[in-house]
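Structure for this input, please:
(chains A and B)
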Amino acid sequence: MNNRQKQEEILRISGVNARKCMKCGKCSATCPAYDEMEYHPHEFVYMVETGDIDRLMASQSLYKCLSCFACVDRCPRGVQPFKLIEAVRLMNIRKQGNNHMTANDIPSILDDDMPQQAIVSAFRKYTK
Amino acid sequence: MQRIGVFVCWCGSNIAGTVDVHAVAEALKTEPGVVFSTDYQYMCSQAGQNIIKDAIRDYRLTGVVVCSCSPRMHEVTFRKTASQAGLNPYMVEIANIREQCSWVHKDVPTGTEKAIILGRAAVAKVNLNAPLTPGESLVIKRALVIGGGIAGIQTALDIADAGFPVDIVEKQPTIGGKMAQLDKTFPTLDCAACILTPKMVDAAQNENIRILSYSEVEKVGGFVGNFEVTIRKKARYVKEDICTGCGACVEKCPMKKVPNEFNLGMDNRRAVYIPFAQAVPKVATIDPNYCNMLKNGKCGLCARVCTAGAIDYTQKDELITEKYGAIVVATGYNPISLDKFDEFAYNQSKDVISSLEFERLTNAAGPTAGKLVRPSDGKHPHTIVFVQCVGSRCDACAEKGKEYCSKICCMYTAKHAMLTRDKYPDTEVYVFYIDVRTPGKNFDEFYRRAVEEYGVHYVKGMVGKVSPEGDTLKVQASDLISGKQLHIDADLVVLAAAIEPDASARPLATMLTASMDTNDFFTEAHPKLRPVESPTAGVFLSGACQGPKDIPETVSQAGAAASKVIGLLVKDKLTTNPCVAQSNELMCNGCSSCELVCPYGAITYIDKEFRMPDRSIQIRRVAQVNPAVCQGCGACTVACPSGAMDLNGFKSEQIIAEVDAICR
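The predicted structure follows:
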């Protein structure tokens, strides 16, 4: 996958239009994990917009994001920075191999305590 | 049979870039009735118009088709050209091959094909056109200005100055509007009251101006030059002509806990009140929601202390009907509600305030007599954080906020920051901005002065959240230049709230049949060339009701609107549009369908005697159109089940001929 394709894939997975960002920095202002990160939410958006994908995928900042959605809630432009971060994480996970899960695997791993959301989420993460 | 000339305009490359204009002229030559067809670079130019005039003469044309821009742009121009050459102006048809053709198509063959079809339709219509003669209507030489802020006051003063009577309708008890609440005004820092109150007094003393305060427009009828407006003068329970504004009633009123809207609820007023010392008219008003006498008949103190005997608890709303030649809308703006912005803790802390509240806090006539203190504990704030763009420049789909830039916030925030540093040098001032937008004469210099001379900390970034902790406000923000997240302990946070049109604007627009945009700002007739006129004839726009504006801009626009009104009122008569509805009495069956759909009330029914073939007399109920009121919208022609209604200039057979020509 070349850089351009990766960029498009991230935008496709996230459903985000990075061009809507007006660079106000409210996402980074609101982020509780700011100090832990190498690249901050507004930089995530900018790096995706400009196609600086490899550095982003290699960054440990991805895993510092708490998925608290504060940036999504407060972005005045509706850019949803978190969804981009999540999409980059998924790119990394999916890069590691083929499908980790098929629909046929589900009955064997189901148990009563498992929230349905976890199954859906696992599908999103582990299925290409 | 008509003798029609076709004139295809290139509009430089605007049309010629996507439409093969020679081919269009050539193709239309063979249409029925066409005796002459040509194309030219700029048909609206003097030379272009001469081509039309010469052709009318040389080819004895009876009809003209101009394939050019929208008729909204140049129909009037070409009608004038035709009439100068002796042709009835209503024998001119415009085929819009620019906005509806060349601008929306990308390739030449498609554009050309469509242009030919549009031209063909226009030719088919002209073949059935008949000369029309416009009528005349009288102009009532009186103007109505709706809204008594700086926009309305300035417009009224300028119209009155030209010698025409003007009424200002203001829904508050006093004129003055938002400007009366401001402290100083950028970029020269003169005090708002010092420059506004003389104008308010001028308006009150001008013999051509009548101020209808505490009043609202209830109903609008009529048309340009002849509007009939019903105004509700709300009961203020004080006789306006007797009250001297001495304030004795206010002093004695025992109901002291009424939130004072003039100070944005930051202090209280009495149930009987005068909004501020320089109010015009300086007359007391009793608030019926709080007055004990009006609520339960117990009190009556104000009536007892009023030496003039002006208090009247039995007063009722009064309806005034007046005729006007022109109407100016000057309904202004309001800051948006900040309730949805939880992240800034506006509803949690008294020390998070809006910029308009900050104006009142620093205003010598405000709740603190101009001393800048924290609303919560009255202490002097040592660190103030200003947040720009709160609710402005938001995404169209966002639930909170507006899509547009509110335009005035950058400048007033620079003003607030500068004045604070000037008066209280021990106070640190931070301004968080996304962009600093200061176009305007001496505006950027003003902002730079705040930074360079007064040491205001401008930080590129946004505040993410404000959390009240003890008596400080923890502000978490980003500094995008240094790449840091800032944590500031602030004493006061000021939010530059977006502005929106006043809530009264939308119902008013409906009454005036004036159009609005999605943000409820009034639409101008042309964004560049007719900025103070509404597309509805006789309705003009002044101030922030048309879009966010500062005071200098509002005053210039107010003057412009006034000059347009004066231009209308100096005319004794207006030519009316002859393209009005006409009913064929022989076909009319008196069903009233047209009367019910007519938005202008132009249709009435009369009983008319008809002589039948057997010489007997029959009385039948038939529709009659008042051509002075009819606006030619055509609703009645569609509603009429018997086909008796027709629109001059747009007769059903003409429309069908156009459709046939397109489908051919």
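
mind listing what the residue in chain B positioned nearest to chain A touches?
As assessed by CB to the nearest CB, chain A sits closest to residue B:464 within chain B, at 3.0 Å. C-beta coordinates here come from the backbone N, C-alpha and C atoms, glycine included. Residues in contact with residue B:464 (CB atoms under 8 Å, 6 or more residues apart in numbering or on different chains) are A:26, A:27, A:28, A:29, A:30, A:31, A:70, A:74, B:343, B:476, B:477, B:478.

For the third one, grab phi and psi.
The one in question is residue A:28. The phi/psi pair for residue A:28 (degrees, to the nearest 10) reads phi -70, psi -30.

Can you pull up the most central residue in chain B?
In chain B, the centroid-proximal residue (CA atoms, centre = their mean) is residue B:522; its distance is 3.4 Å.

now do chain A
Using CA atoms, centre = their mean, the most central residue of chain A is residue A:86, at 1.3 Å.

which ones are touching that one?
Residue A:86 sits in contact with A:14, A:65, A:67, where contact means CB under 8 Å, 6+ apart.

filter the residues you listed to the buried ones?
Buried members of the contacts of residue A:86, scored by 16 or more other CB atoms under 10 Å in any protein chain shown, are A:14, A:65.

Turn the contacts of residue A:86 into JSON lines, including distance to residue B:661.
Output for these, formatted as JSON lines (distance: CB to CB, whole Å):
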{"residue": "A:14", "distance to residue B:661": "51"}
{"residue": "A:65", "distance to residue B:661": "63"}
{"residue": "A:67", "distance to residue B:661": "63"}
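
Closest to residue B:107 out of the contacts of residue A:86?
Residue B:107 has its nearest neighbour among the contacts of residue A:86 in residue A:14, at 35.7 Å by CB to CB.

What's the separation between that closest one and residue A:81?
9 Å (CB to CB, to the nearest Å).

Which pLDDT value goes with the residue nearest to the centre of chain B?
If you check residue B:522, the pLDDT there is 97.

residues touching it, list them.
Contact analysis of residue B:522 by CB under 8 Å, 6+ apart lists B:329, B:501, B:505, B:509, B:514, B:515, B:516, B:534, B:541, B:545, B:546.

from those, which are also near chain A?
Checking the contacts of residue B:522 against chain A by CB under 8 Å from any CB of the partner chain, not one of them is in range.

ok, residue B:231 touching residue B:324?
No. Residue B:231 is not in contact with residue B:324 according to CB atoms under 8 Å; the separation is 10.4 Å.

Overlap of the contact sets of those two?
residue B:167.

out of these two, which sits in the more crowded spot?
residue B:324 (25 against 20; other CB atoms under 10 Å in any protein chain shown).

Let me know whether that one touches residue B:143 as I believe.
Yes. With contact defined as CB under 8 Å, residue B:324 counts as touching residue B:143 (6.0 Å).

what do those two both touch?
residue B:167.

before we move on, the earlier item: closest to chain B out of the contacts of residue A:86?
Scanning the contacts of residue A:86 for proximity to chain B, where the rule is CB to the nearest CB, the winner is residue A:65, at 14.5 Å.

Shouldn't the closest one be within a helix?
No. Secondary structure of residue A:65, determined by DSSP: H, G, I helix; E, B strand; the rest coil: coil, with no helix assignment.

didn't it look like it was pressed against residue A:85?
Yes. Between residue A:65 and residue A:85 there is a contact at 4.9 Å, judged by CB under 8 Å.

Just the CA coordinates for the lengthiest helix in chain A, please, in PDB.
With secondary structure taken from DSSP state H, chain A has its longest helix at helix A:81-95. Taking Å, rounded to 0.1, in the frame of the first residue of the first chain, the C-alpha atoms of helix A:81-95 are listed here in PDB:
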ATOM      1  CA  PRO A  81     -10.100  13.600  15.500                       C
ATOM      2  CA  PHE A  82     -10.500  10.500  17.700                       C
ATOM      3  CA  LYS A  83     -12.000   8.600  14.800                       C
ATOM      4  CA  LEU A  84      -8.800   9.200  12.800                       C
ATOM      5  CA  ILE A  85      -6.700   7.900  15.600                       C
ATOM      6  CA  GLU A  86      -8.900   4.800  15.900                       C
ATOM      7  CA  ALA A  87      -8.600   4.300  12.100                       C
ATOM      8  CA  VAL A  88      -4.800   4.500  12.200                       C
ATOM      9  CA  ARG A  89      -4.800   1.900  15.100                       C
ATOM     10  CA  LEU A  90      -7.000  -0.300  13.000                       C
ATOM     11  CA  MET A  91      -4.600   0.100  10.000                       C
ATOM     12  CA  ASN A  92      -1.800  -1.200  12.200                       C
ATOM     13  CA  ILE A  93      -3.800  -4.100  13.600                       C
ATOM     14  CA  ARG A  94      -5.000  -5.100  10.100                       C
ATOM     15  CA  LYS A  95      -1.500  -4.800   8.700                       C
END
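
Show me which residues of the stretch 451-600 of chain B sit near chain A.
Selection of the stretch 451-600 of chain B residues close to chain A by CB under 8 Å from any CB yields B:460, B:461, B:462, B:463, B:464, B:465, B:476, B:477, B:478, B:480, B:483, B:485.

one more time with 10 Å, if that's ok
Neighbours of chain A within the stretch 451-600 of chain B, by CB under 10 Å from any CB of the partner chain: B:459-465, B:475-481, B:483-486.

Select only the buried ones of the contacts of residue B:522 in PyMOL?
If you want just the buried ones from the contacts of residue B:522 in PyMOL, going by 16+ other CB under 10 Å, the selection is:
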select buried, chain B and resi 329+501+505+509+514+516+534+541+545+546
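
which among the contacts of residue B:522 gets closest to residue B:638?
When the contacts of residue B:522 are compared against residue B:638 (criterion: CB to CB), the nearest one is residue B:515, at 21.1 Å.

Find residues that contact each of residue A:14 and residue A:81.
Any residue near both residue A:14 and residue A:81 by CB atoms under 10 Å, 6 or more residues apart in numbering or on different chains counts here, and that gives residue A:48.
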